[in-house]
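Peer 1: Pasted the sequence and its predicted model underneath.
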Amino acid sequence: MLKFLSLILFLSIGSIVYSEPLSTPDVEDIEYPDDEEPSSELITLGKTLFFDHRLSKNKNQSCATCHNPNLGFGEGVAHGFGTMGGKLERNTPHIYNLAWATTFFWDGRSSTLEEQAVGPIEANGEMAMPMPKFLERLRNIKGYKSLIKKAFGDEKIDKERVTSAIAAFERTIIVDNTPFDRYMAGDLSAMTPKAIEGMNLFKGKALCIQCHDGANFTDDSFHNLGIDDKDLGRGKIVKDKTLNGAFKTPGLRNVLMTAPYMHNGQEGTLEDVIKFYNKGGGSGPNKDKLMVPLNLTDQEIFSLVAFLGSLNQKLEIFPPKLPKE
Amino acid sequence: MLKFLSLILFLSIGSIVYSEPLSTPDVEDIEYPDDEEPSSELITLGKTLFFDHRLSKNKNQSCATCHNPNLGFGEGVAHGFGTMGGKLERNTPHIYNLAWATTFFWDGRSSTLEEQAVGPIEANGEMAMPMPKFLERLRNIKGYKSLIKKAFGDEKIDKERVTSAIAAFERTIIVDNTPFDRYMAGDLSAMTPKAIEGMNLFKGKALCIQCHDGANFTDDSFHNLGIDDKDLGRGKIVKDKTLNGAFKTPGLRNVLMTAPYMHNGQEGTLEDVIKFYNKGGGSGPNKDKLMVPLNLTDQEIFSLVAFLGSLNQKLEIFPPKLPKE
Amino acid sequence: MNLSNIIIIFLCIVSVGFTQNTNITGTFTFKKRNPGVALLYFDQDKGLKVSNANLDQMNKAFVKPLLVVNPGSEVKFKNSDAVDHNIYASDKKQKVNFDVGLITTGGDTNYKVEWDKGKVVKLRCKIHPKMKSYIASIESEFHKVVPFEKREKELTFEMSSVPENLDSLVIWMPKYKELHVNLKPGESKTFELTRKGKVKGFLSLKRSVAIDEK
Amino acid sequence: MNLSNIIIIFLCIVSVGFTQNTNITGTFTFKKRNPGVALLYFDQDKGLKVSNANLDQMNKAFVKPLLVVNPGSEVKFKNSDAVDHNIYASDKKQKVNFDVGLITTGGDTNYKVEWDKGKVVKLRCKIHPKMKSYIASIESEFHKVVPFEKREKELTFEMSSVPENLDSLVIWMPKYKELHVNLKPGESKTFELTRKGKVKGFLSLKRSVAIDEK
């Protein structure tokens, strides 16, 4: 038994990597394009575009359909659907605190929000609107003229303007005042004893912090959890076998809202996710060596879930009135 | 095929029962004890008691441990734990909008919040503090004296006062301004087209409204969903075989937060829950005749989840500073 | 039938014809919530004979807020609803407990009211805790059930043809203190309605002088 | 070694001994965010010979914000971190693309810098998109790397022993317009630092008159 324990200890210690301390994200650290905070007019335009279902091929789907603000900016099911009715291949990632992110999509194939925004708009399986058609559709909705003029000074509609507006709106989706943040700021009653226990496990025995670190609980890196679904993830993008099956670590702010979990939505609850890690992840090939059995008790899992609950903050994001055609 | 369709139609129509229209709950309809709205001092006392982990046998657990405000007032796992470490038999029910409820616990064995509050405090498997011990523990925490005096005018601590305070706090946990409510109030952009589709399915094909009706999306009634886990539920309380395995319909306001679902927490996500109903529920005995296959498509399930997401409203409930010993 | 019998019958008819009746107008006023239903009856009368009392259920509710019967009556609980119901009463104070068992859709069950007069007992459904109604076991023909609409704070009702010789009135409302008051023809009175010692509303009653009914 | 050689060597030593050097003091001021790192170099000099350039990785970061080498140098990428890294560059504008492949914990890989002088190329890690550093391929011994702390808005630095005969200075910062300026001994000048045509800050430089180094 002792041997067994020391083996576990070794495995744990052997794999300890540097983690940024958990903290509250600072808006001062956001790298806006050109270091310019977006104007409220640009954000309004972006928000309107984000919610406008008329901009998909079948006029039935907007960014907000899959990045649903009422479902943690995810779609609430393992796999959503595109405008033409086809099932999406991966679970929609949430978009909380992407203002601080350095890489986008599950496989990190974009490095700016502006670039990312184009993807789902043009993708055949999603909104299915190649940019020229998208811009044409936009130009035919009269109400956008004044929104664009307010944001840019004239009525010109082009790809750069549209994507910068969507990205500007997305950068306002910020979670930085959760019970955890209030606790970190010195309000010791902001987190319950159970949640504090969970936080200590998160940073210690459960090893969560090795990937979910920093102010946004993500290393912005890619890991293979042993999920064996033939999706090459990061490996396909960088054409590097060592990254096959690796996906971006999602940030955990508002994680309770963003169920289901994993790039394929295979885990329904936070409890399920922790149990998955507790057994050392899946059995697929090329698994990250950080994935080791954790020997957490059910009570410890209970505490971890309580901690994850304390990362929650409801953002009141009201859908805009859509401009008239 | 046509025969098959008409059979489904028959089954659906054959089982249609009266449903109260979906609506926004009205605080005017709350039946406070003695028709008296509680004072803010009584609510403060109740909230403090609700969050005080020192009031459980092992001083490690409060009402808020399992009714965790950060986890939809549930415990976030299928089964929580009591103060002595034992696993709870049922998933903790949420406590949103109980001000309007007429029956409490999964099996409805209490008919007032005041009565309900005593249960988990005294239960051996939960806080394990018989009332006399609970009151004694309270009397030994000096800080409660002033809280009680503020609420009642003198420092007397008794069961009636304690339970009325806890219930008074619980009646303030109100969800009545969700996207759905704003939509019902005339703001047609408050709900996305997908969520509106989901609402129509909720009231129609998916038959949800047959039990989840009215302002709080519950009939306050008991149904057997075919979950076969030997738990007699309502049947045990009323000693009536016809209600064996029947459990109270939970209200759906803030339902996204309250995962996992069902009295035993067996379903992790809203998608899972709807799929469970879609196949007509479980295969256990004594199943309610309202449980019929629904033939919902995956897209329809997607819309239903979008609707359920629009029943969400974050309540900012900050844990109180605990009184000094 | 002999002459004396005929005379007695005649006298009875004449006596009825000459009974001086009175009308009562009442107004309930509540500060906040109303109690849902009120029952008023002149308890000196013993003339009530209910022969076909029934209480139906529809749309997950009892169709009547309160059913008046006399002690010993049979009540037929019907279920015209699309769902099953299970009516029971569990009144520890008045020691009335019964459970009629499951009444499936379209079914009915009889129940004999064997409690003392003057008791009003709450009915509930084991399956639908929101449902409630009451059965009042009284003997008086001269009674009035006043149902309130949700959020109604003031309501005026009439009670007609009350014999002038009855003047002892009982006023019952759920959870309220039962009032036993005296109201003679021609009188106007206002009563406090109290619940747990607190005044929650008022009932103003105005009784006409005896009128000759024709 | 004949006499003429000795004389040449002697003259060289004397000439070095008599080289008049200058010191430069500079102050960066930024309106908002600083660019993380700056590189200054006098591009007339060709004397740089870097023989053992190396760039290590620790705690999911490159240990240097910018590495200066001369064209043709071999750079050793080391990984002293507890996790694997995979360094690459993908600079379409300057046409520098390379990928050194996976460097596992404790490992290293050599890479020969074969780009033209004057190019500064961004390094990234395929596994850790937050990581970044730069390699500057220049020929000048007289250069200065100025790293900025997060949120630093003003920073003063010194650059010493710059021969007086060098006066053409290059100022490079990520995403900023590269400046080619002239700064003679004894001069003080202030330059605008611009990014996408917008002035984001200033650099004030003060160069001493030639001093006799001993």
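Peer 2: Noted; the coordinates are in hand.

Peer 1: Alongside chain D, which residues does the stretch 51-200 of chain A contribute?
Peer 2: Counting by Cβ under 8 Å from any Cβ of the partner chain, the stretch 51-200 of chain A comes close to chain D at A:102, A:103, A:108, A:111. C-beta coordinates here come from the backbone N, C-alpha and C atoms, glycine included.

Peer 1: between those, which has the most around it?
Peer 2: Within those, most neighbours by other Cβ atoms under 10 Å in any protein chain shown means residue A:108, with 24 neighbours.

Peer 1: Pretty sure that one sits against residue A:243.
Peer 2: No: applying Cβ atoms under 8 Å as the test, residue A:108 and residue A:243 come out as separate, 9.5 Å apart.

Peer 1: list residues touching both of these two?
Peer 2: When Cβ atoms under 8 Å, 6 or more residues apart in numbering or on different chains defines a contact, the residues bordering residue A:108 and residue A:243 alike are A:222, A:234.

Peer 1: and residue A:278, how many neighbours does it have?
Peer 2: Residue A:278 has 18 neighbours, counted by other Cβ under 10 Å.

Peer 1: got it, and the one 4 residues further on?
Peer 2: One way to gauge burial is a neighbour count; for residue A:282, by other Cβ under 10 Å, it gives 18.

Peer 1: Can you say which helix or strand has it in it?
Peer 2: Under the assignment given by DSSP states H and E, residue A:282 is not contained in any helix or strand.

Peer 1: For it, which non-adjacent residue is closest in space?
Peer 2: residue A:226 (3.3 Å; Cβ to Cβ, 6 or more residues apart in numbering or on different chains).

Peer 1: Next, the contact list for the one you found, please.
Peer 2: A:245, A:280, A:281, A:282, A:283, A:284, A:287, A:288, A:291.

Peer 1: Assess the claim that residue A:202 and residue A:310 are in contact.
Peer 2: No: the criterion here is Cβ under 8 Å, and residue A:202 misses it with residue A:310 at 10.5 Å.

Peer 1: between the two, which one's more packed in?
Peer 2: residue A:310 (26 against 23).

Peer 1: The more buried one touches residue A:178, doesn't it?
Peer 2: Yes: under the criterion of Cβ under 8 Å, residue A:310 makes contact with residue A:178 at 6.2 Å.

Peer 1: Spatially central residue for chain A, please.
Peer 2: Centroid-nearest residue in chain A: residue A:94, 3.6 Å away (criterion: Cα atoms, centre = their mean).

Peer 1: Pretty sure it sits against residue A:256.
Peer 2: No: Residue A:94 is beyond contact range of residue A:256, at 11.0 Å (criterion: Cβ under 8 Å).

Peer 1: list the residues that contact both of these two?
Peer 2: Common neighbours of residue A:94 and residue A:256 (Cβ under 8 Å, 6+ apart) are residue A:72.

Peer 1: What is the nearest of the residues of the stretch 51-200 of chain A next to chain D to chain B?
Peer 2: Chain B has its nearest neighbour among these in residue A:108, at 26.1 Å by Cβ to the nearest Cβ.

Peer 1: how far away is the closest one from residue A:50?
Peer 2: 22 Å (Cβ to Cβ, to the nearest Å).

Peer 1: what's the answer for residue C:68, then?
Peer 2: 63 Å.

Peer 1: what's the answer for residue C:81, then?
Peer 2: 47 Å.

Peer 1: do residue C:134 as well
Peer 2: According to Cβ to Cβ, residue C:134 and residue A:50 sit 56 Å apart.

Peer 1: ok, then the element right after the worst-scoring helix or strand of chain A on mean pLDDT?
Peer 2: Least confident element among the helices and strands of chain A, by mean pLDDT, DSSP states H and E: helix A:2-14 (a mean of 45). Downstream of helix A:2-14, the first helix or strand assigned by DSSP H and E is helix A:40-51.

Peer 1: got a list of contacts for the following helix or strand past that following helix?
Peer 2: Later in the chain than helix A:40-51, the nearest helix or strand by DSSP H and E is helix A:63-66. With contacts defined as Cβ under 8 Å, 6+ apart, helix A:63-66 is touched by A:49-51, A:53, A:74-75, A:80, A:88, A:92, A:117, A:120, A:126-127, A:166, A:319, B:192, B:194, B:306.
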